[in-house]
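Asks: Give me coordinates for this.
(chains A, B, C and D)
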Protein chains: 2
Amino acid sequence: MSLNNSISNHLDIAQIKSNCAACSLRELCLPVGLNEQEIEILSDLASRKRKIQRGRYLHQTGSNFQSLFAVRSGSFKTCLLEEDGRQQVTGFYMTGELLGLDGISTETHNCDAIALEDSEVCEIPFTKLQEISRSLPSLMNQFHKIMSREIVRDQGVMLLLGGMKAEERLATFLLNLSRRFSKRGYSASDFNLRMTREEIGSYLGMKLETVSRTFSKLQEEKIIAVDNKHIQINDIDRLTTKIGKSSCAL
Amino acid sequence: MSLNNSISNHLDIAQIKSNCAACSLRELCLPVGLNEQEIEILSDLASRKRKIQRGRYLHQTGSNFQSLFAVRSGSFKTCLLEEDGRQQVTGFYMTGELLGLDGISTETHNCDAIALEDSEVCEIPFTKLQEISRSLPSLMNQFHKIMSREIVRDQGVMLLLGGMKAEERLATFLLNLSRRFSKRGYSASDFNLRMTREEIGSYLGMKLETVSRTFSKLQEEKIIAVDNKHIQINDIDRLTTKIGKSSCAL
DNA sequence: TACTCGTTTTGATCCAGATCAATCAATGAA
DNA sequence: TTCATTGATTGATCTGGATCAAAACGAGTA
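Replies: Okay, the predicted model is just below:
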C-alpha cells in the first residue's frame, strides 16, 4: 500500500507532523490509503488551525456553516438548547474526531459546539473538501463513512436513551470512553473525565444526582473507583455485563 | 433554471413518471437543479425497483450493504435489536425518504428495515451513486445534505428522548407526522398511523400503555380525535404548545 | 356465527429516578 | 487567610410512567 511507503519515509513523517493539515487529516483519512501526492493535495485542505479556550464556542446554533472541524487536541461537547432553556448534550468529541456534520444540511450550524478544555482544531472548508474529493474517490468514500458512522452512533444513543436504565447507561458511557481513550494510546482503565456530572446526565438522559449516585453504586461494587473527575475501571468485565443485564432476567 | 425547463415539458414528465428511477430521484434531487441530460444519467442509477410485503425485511442487520433505498410507496420502520431481545425503533420512513445510510460506515447494514405496509422501493447502488456524483457536484452536495439531515433528525430524537415527558414526546411525534403528510400532499390534520402503539412507544421511549393513555388524554382535551389508527388533529396550536410547556412554568 | 389472535384501552399498584435540600470539597479571587 | 463560587455527594420525599391485569375491539377465517 502506497500509504505505508510514504509513512515509512521519516522525512514524510516529519513533514506531516509539522503540518496541522496532515496531522488531523491523518485521523480522518489514514485508513484510506493515499499516496504522497494525494497527501500533498490534502495538506492544502485543512491548513488553518484555531485554538478554543475552555468554555468558548467553536460554533453556535444558527451561525453560518462553512467548515468542518477536526479536533487536534482537547475536547468538545455539542448541545442543543430549546427556547425554554433546557439543554441537551448530543455528543462529546475528542482528538481526531470530526465536528460540524450537522451543519451541511441547512448550511447553518444546528447545534452549539463548546470546548470542554483548552483545545485546538483544524478547519476544513467544506466546499474545498467536496471539490478535492471529486478527484480522490477514496477520500470521498472515507468521508461518507464518517458521516454514516455518526448516524450509527446517534442511533446507538437512541437505543440507550429509549430503553436502558440508569446503571446501564452509565456503564455504556464509561465503556465507550474507555475504548476511545485506549484507541488514542491512553489507558483504557484510568482516565479523567472532561465533563461535569450535569453534562454526563444531559447526554445520558438523567439528572446529575442520579449520575453521582450511580457512580457511587458502581464504586461500592468495586467495579470502578471514582475520585471526582478521575475514573479507574477495576473490573471491565463486570462493567460490561451491566449493559443489558436488566432484561436478561429471563 | 434548467430543471424547470425540463419539467415544463410534459413529454419529459410522462417519461419521468413512467420510470421508477426518476420517480424516486425527483424526491432526492429536485431541489438541486439538473438539466435533461443529467436527469438522463440519473435514470440509470436507480432503475431497479422492489416490492416489499407488510412485515417483511427490506434489509437486516449484518447483511451486506450495497444500495440505498428510496421509498416509492408505503412506509418502513428501522430498528435495532439487542441480544436480550429488546427492540428499539430508530425511525419511520415514508414516500420519498431515503433508507440505508447507516450501512455505509461498515459496508454492512446496522439496523433492520421492515415494511409497515405493502411498499415499494427503488434500489440505488451506492458505488454507482458515488461515481456519478463525481461528475455531478450538485448531486453530491444534495446527497451530503440528505446525510446531514439524517444526523440532525437523530439529534432531535435524542433531545426528545433525553429531556421530554410523555405528552411532549407524543405531541412532537404527531406534529412531525402531520408535517410530513402535508408535505406529500395529504391532510396535515387527518391521517392514519401505519405503526402500532408498541412501535410508537419504542420510538418515543415509552411503553405502549403510556402511548394509549396519552392519546386518550389529548382526546379528552379535544386537541385530537383518536379512533384506533385514525388520527384527527383538531387544535394544532394547542398541540404545539404542548411541546416544551412543562418547563415554561417559569 | 362464533372463534382466534393481535391490538388497544383502561384500571390498580409499584418503583426508578426526579426533585428538594443540605453538606462538603475544590478552585480561585480578594 | 477568608470568602465566594461551582461542582459533587448523599439523604428524604414525591411522582410519572412502568408494570401487572383485565376487558373490549377489529380483522381475519373456519
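Asks: Angles on the backbone of the residue positioned nearest the centre of chain A, please.
Replies: Centroid-nearest residue in chain A: residue A:93, 2.7 Å away (criterion: C-alpha atoms, centre = their mean). Dihedral pair for residue A:93: phi -130, psi 130, per degrees, to the nearest 10.
Asks: Find the nearest non-adjacent residue to it, please.
Replies: Distances taken as C-beta to C-beta, 6 or more residues apart in numbering or on different chains put residue A:76 closest to residue A:93, at 4.6 Å, once the chain neighbours are dropped. C-beta coordinates here come from the backbone N, C-alpha and C atoms, glycine included.
Asks: how near is residue A:92 to chain B?
Replies: According to C-beta to the nearest C-beta, to the nearest Å, residue A:92 and chain B sit 13 Å apart.
Asks: for residue A:104, same thing?
Replies: 4 Å.
Asks: just residue A:93 next, same as before
Replies: 13 Å.
Asks: Then residue A:96?
Replies: Residue A:96 is 16 Å from chain B, by C-beta to the nearest C-beta.
Asks: In its sheet, which strands sit next to whichever strand or helix holds the residue nearest to residue A:93, and in what direction?
Replies: Per DSSP states H and E: residue A:76 is located in strand A:75-81. Strand A:75-81 pairs in its sheet with strand A:87-94 (antiparallel), strand A:112-115 (antiparallel), by DSSP bridges.
Asks: so which of these gets nearest DNA strand C?
Replies: strand A:87-94 (12.8 Å; C-beta to the nearest atom of the strand).
Asks: which other residues reach that closest one?
Replies: The contact list for strand A:87-94, computed with C-beta atoms under 8 Å, 6 or more residues apart in numbering or on different chains, reads A:71, A:75-82, A:99, A:111, A:113, A:116, A:153-154, A:157, A:180, A:184, A:194-195, A:199, A:202-203, B:155, B:158-159, B:162-163.
Asks: re the thing from before, now the strands paired with strand A:75-81 in a markdown table, with mean pLDDT and distance to DNA strand C?
Replies: Shown next, in a markdown table, are the strands paired with strand A:75-81 (pLDDT from 0 to 100; distance: least, C-beta to the nearest atom of the strand, whole Å):
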| stretch | mean pLDDT | distance to DNA strand C |
| --- | --- | --- |
| strand A:87-94 | 95 | 13 |
| strand A:112-115 | 96 | 15 |
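Asks: nearest to residue B:226, of these?
Replies: strand A:87-94 (28.9 Å; C-beta to C-beta).
Asks: hmm, that closest one touching DNA strand D?
Replies: No: against DNA strand D, strand A:87-94 shows no contacts by C-beta under 7 Å from any atom of the strand, the least distance being 12.6 Å.
Asks: go on, stretch A:148-167?
Replies: No: Stretch A:148-167 stays clear of DNA strand D (C-beta under 7 Å from any atom of the strand), getting no nearer than 8.6 Å.
Asks: what mean pLDDT does that stretch have?
Replies: Averaged across stretch A:148-167, the pLDDT comes to 96.
Asks: So that stretch, near DNA strand C or not?
Replies: Yes: using C-beta under 7 Å from any atom of the strand, stretch A:148-167 reaches DNA strand C at A:165-167.
Asks: Output that stretch as CSV - backbone C-alpha positions only.
Replies: Output of stretch A:148-167 as CSV, limited to C-alpha atoms (Å, rounded to 0.1, in the frame of the first residue of the first chain):
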residue,chain,number,x,y,z
SER,A,148,-22.6,7.3,8.2
ARG,A,149,-20.7,6.4,11.4
GLU,A,150,-22.1,9.5,13.0
ILE,A,151,-25.6,8.3,12.1
VAL,A,152,-24.9,4.9,13.6
ARG,A,153,-23.5,6.5,16.7
ASP,A,154,-26.6,8.6,17.1
GLN,A,155,-28.8,5.6,16.8
GLY,A,156,-26.8,3.9,19.5
VAL,A,157,-27.6,6.8,21.7
MET,A,158,-31.3,6.5,20.8
LEU,A,159,-31.1,2.9,21.9
LEU,A,160,-29.5,3.9,25.2
LEU,A,161,-32.0,6.7,25.9
GLY,A,162,-35.0,4.8,24.7
GLY,A,163,-34.5,1.6,26.6
MET,A,164,-31.8,1.4,29.2
LYS,A,165,-31.9,2.2,32.9
ALA,A,166,-29.5,4.5,34.7
GLU,A,167,-26.9,1.9,35.5
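Asks: Would you mind naming what in chain A lies close to DNA strand C?
Replies: For chain A, the residues in contact with DNA strand C (C-beta under 7 Å from any atom of the strand) are A:165-167, A:205-207, A:209-210, A:228.
Asks: coming back round to it: make JSON lines out of the residues of stretch A:148-167 next to DNA strand C and add secondary structure and neighbour count.
Replies: Converted to JSON lines, the residues of stretch A:148-167 next to DNA strand C look like this (DSSP: H, G, I helix; E, B strand; the rest coil; neighbours: other C-beta atoms under 10 Å in any protein chain shown):
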{"residue": "A:165", "secondary structure": "coil", "neighbour count": "13"}
{"residue": "A:166", "secondary structure": "helix", "neighbour count": "17"}
{"residue": "A:167", "secondary structure": "helix", "neighbour count": "18"}
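Asks: closest to chain B among these?
Replies: Distance to chain B across the residues of stretch A:148-167 next to DNA strand C (C-beta to the nearest C-beta) is lowest for residue A:165, with 11.3 Å.
Asks: ok, the residue lying closest to residue A:169 once chain neighbours are set aside - contacts?
Replies: When the adjacent residues along the chain are set aside, residue A:169 lies closest to residue A:204, with 4.4 Å between them (C-beta to C-beta, 6+ apart). Counting by C-beta under 8 Å, 6+ apart, residue A:204 makes contact with A:160-161, A:166, A:169-170, A:173, A:211, B:162.
Asks: can you give me the helices in chain A?
Replies: A:2-8, A:10-18, A:20-29, A:36-45, A:126-135, A:137-163, A:166-183, A:197-204, A:208-220, A:236-242 (DSSP state H).
Asks: looking at these, which is closest to residue B:142?
Replies: Here helix A:126-135 is closest among the helices of chain A (C-beta to C-beta), at 11.3 Å.
Asks: helices or strands up against that closest one?
Replies: When contacts are defined as 3 or more C-beta pairs under 8 Å, 6 or more residues apart in numbering or on different chains; DSSP states H and E, helix A:126-135 sits against helix A:36-45, strand A:67-73, helix A:137-163, helix B:137-163.
Asks: ok, back up a step: could you dump the residues of stretch A:148-167 next to DNA strand C into TSV and include distance to residue A:42?
Replies: As requested, the residues of stretch A:148-167 next to DNA strand C are arranged in TSV below (distance: C-beta to C-beta, whole Å):
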residue	distance to residue A:42
A:165	45
A:166	44
A:167	44
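Asks: Tell me the one of those nearest residue B:51?
Replies: residue A:165 (40.4 Å).
Asks: so who does the closest residue in space to residue A:238 that isn't next to it in sequence touch?
Replies: Among residues not flanking residue A:238 along the chain, residue A:223 sits closest, at 5.1 Å (C-beta to C-beta, 6+ apart). For residue A:223, the contact set (C-beta under 8 Å, 6+ apart) comprises A:233-235, A:238-239, A:242.
Asks: now for these, which pair is the farthest apart?
Replies: Largest pairwise distance in those, by C-beta to C-beta, is 13.2 Å, between A:234 and A:242.
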